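Enquirer: sequence and predicted structure below; questions after.
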Amino acid sequence: MKKILLVFDGNHFSEGAFRMITFLNEFEPVLATGVFLQPIDYRDIVGYSGMGTTTPITVAPYESDESLINRNMRYFEQKCEHAGLEFRSHRDTDLFALQELQTETRFADLMILSSEIFYENIGNEQPNDYLRKVLRQTECPVLLVPEKYALPSRIMLAYDGKADSVFAIKQFTYLFPQLFHWETKLISLEEKNEPLPHQELIEELAAKHFSNLTLESVTHETSETFANWVAEQTEYMLVTGAYGRSELSNLFKKSFLSDVIGQHKIPVFVAHK
């Protein structure tokens, strides 16, 4: 049994995240741990400004923090009982919510959160500052899901020749050995007709973990067009490594992953060392 975090900020309950954990529970029973974070409003300006960002926070009228969290917790627990999920509920309501969340990920196998509505009040365009910070600081793999998506039936492994992409593939295989027989595509972005580093080694590794593996080298003009192509593969779950702790703001300018996340079409599994 695996411990999986479902993360909700106070303003939002992600139906997409809950749908994914019930799907994964069909392959192996899991412990669904609901983590309920403090909503962001004017009282959290100190914690927010400490992130070094100037993006304004949208403060809209809503119920008290306590009322929102209690309502979402009750809803989560009722849905878990109805779905037959073993569950726990954690109230992480300290002012510095993301710091508490980082600690939670240290003691979990996987975290699932919405790539669409996570703290959308501080930025509707995803990945917003909070989601980026979470992806850099997480201490377990993350499964990002849109609110509306087709449940995956195939796997797409993204390999860019870097260590993080290999690490993500290995973490995925360790977490989901039950998906050994799924149709799986190992993709790489071909640039200047040059082979990727260690191409034979990654193919050898992947072939031992996925019995129905095909290899595909994709040629696209830019990382953005590559991201558009990936996002249209709606029957797939994307597995990729990125957002490592040593990669800061420049990463988001270089990585196609931000574009894939922002389109809200497919689940994305992310892991880094």
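Expert: Cool, the structure landed. None of these values were measured; they are calculated from a predicted model.
Enquirer: what is the end-to-end distance of stretch 136-151?
Expert: 26 Å (CA to CA, to the nearest Å).
Enquirer: and that stretch, average pLDDT?
Expert: Mean per-residue pLDDT for stretch 136-151: 95.
Enquirer: cool, stretch 214-226 as well?
Expert: The model assigns stretch 214-226 a mean pLDDT of 76.
Enquirer: again, but for stretch 22-29
Expert: Mean pLDDT, stretch 22-29: 96.
Enquirer: quick one: what helix or strand has residue 144 in it?
Expert: strand 142-145 (DSSP states H and E).
Enquirer: that strand pairs with which strands?
Expert: The pairing partners recorded for strand 142-145 under DSSP bridges are strand 110-114 (parallel), strand 268-270 (antiparallel).
Enquirer: quick one: pLDDT of residue 243?
Expert: For residue 243, pLDDT reads 57.
Enquirer: can you list the residues that contact stretch 77-86?
Expert: The contact list for stretch 77-86, computed with CB atoms under 8 Å, 6 or more residues apart in numbering, reads 1, 18, 21, 22, 25, 29, 30, 31, 32, 34, 87, 89. Bear in mind the C-beta positions are built from the backbone N, C-alpha and C, glycine included.
Enquirer: just say helix, strand or coil for the last one.
Expert: By that I understand residue 89. Per DSSP: H, G, I helix; E, B strand; the rest coil, the secondary structure class of residue 89 is strand.
Enquirer: wait, doesn't it sit right on residue 36?
Expert: Yes: counting by CB atoms under 8 Å, residue 36 is a contact partner of residue 89 at 7.0 Å.
Enquirer: who's more crowded, these two?
Expert: Neighbours were counted for residue 89 and for residue 36 using other CB atoms under 10 Å; residue 36 has more, 23 against 17.
Enquirer: and the pLDDT for the more buried one?
Expert: On the pLDDT scale, residue 36 is placed at 93.
Enquirer: contact partners for it?
Expert: Residues counted as contacts of residue 36 (CB under 8 Å, 6+ apart) are 8, 10, 69, 72, 73, 76, 89, 90, 91, 92, 93.
Enquirer: how far away is it from residue 199?
Expert: According to CB to CB, to the nearest Å, residue 36 stands 44 Å off from residue 199.
Enquirer: and residue 177, by the same measure?
Expert: Here residue 177 is placed at a distance of 24 Å from residue 199 (CB to CB).
Enquirer: those two: which is more packed in?
Expert: Higher neighbour count among residue 177 and residue 199: residue 199, with 15 against 11, using other CB under 10 Å.
Enquirer: contacting residues around the more buried one?
Expert: residue 188 are the contacts of residue 199 under CB under 8 Å, 6+ apart.
Enquirer: do residue 213 as well
Expert: By CB under 8 Å, 6+ apart, the contact list for residue 213 reads 184, 185, 186, 206, 207.
Enquirer: who does the residue nearest in space to the middle of the chain bridge with?
Expert: Nearest to the mean C-alpha position of the chain, counting by CA atoms, centre = their mean, stands residue 144 at 2.7 Å. On the basis of DSSP bridges, residue 144 is bridged to residue 113, residue 268.
Enquirer: hmm, it is touching residue 264, no?
Expert: No: here residue 144 does not reach residue 264: they are 9.6 Å apart, not a contact under CB under 8 Å.
Enquirer: between those two, what contacts are shared?
Expert: Residues touching both residue 144 and residue 264 (CB under 8 Å, 6+ apart) are residue 115.
Enquirer: pLDDT below threshold where in the stretch 1-150 of the chain?
Expert: Applying pLDDT under 70 to the stretch 1-150 of the chain flags residues 40-65, 95, 123-124.
Enquirer: if anything else comes up later, I'll come back, but that's it for now.
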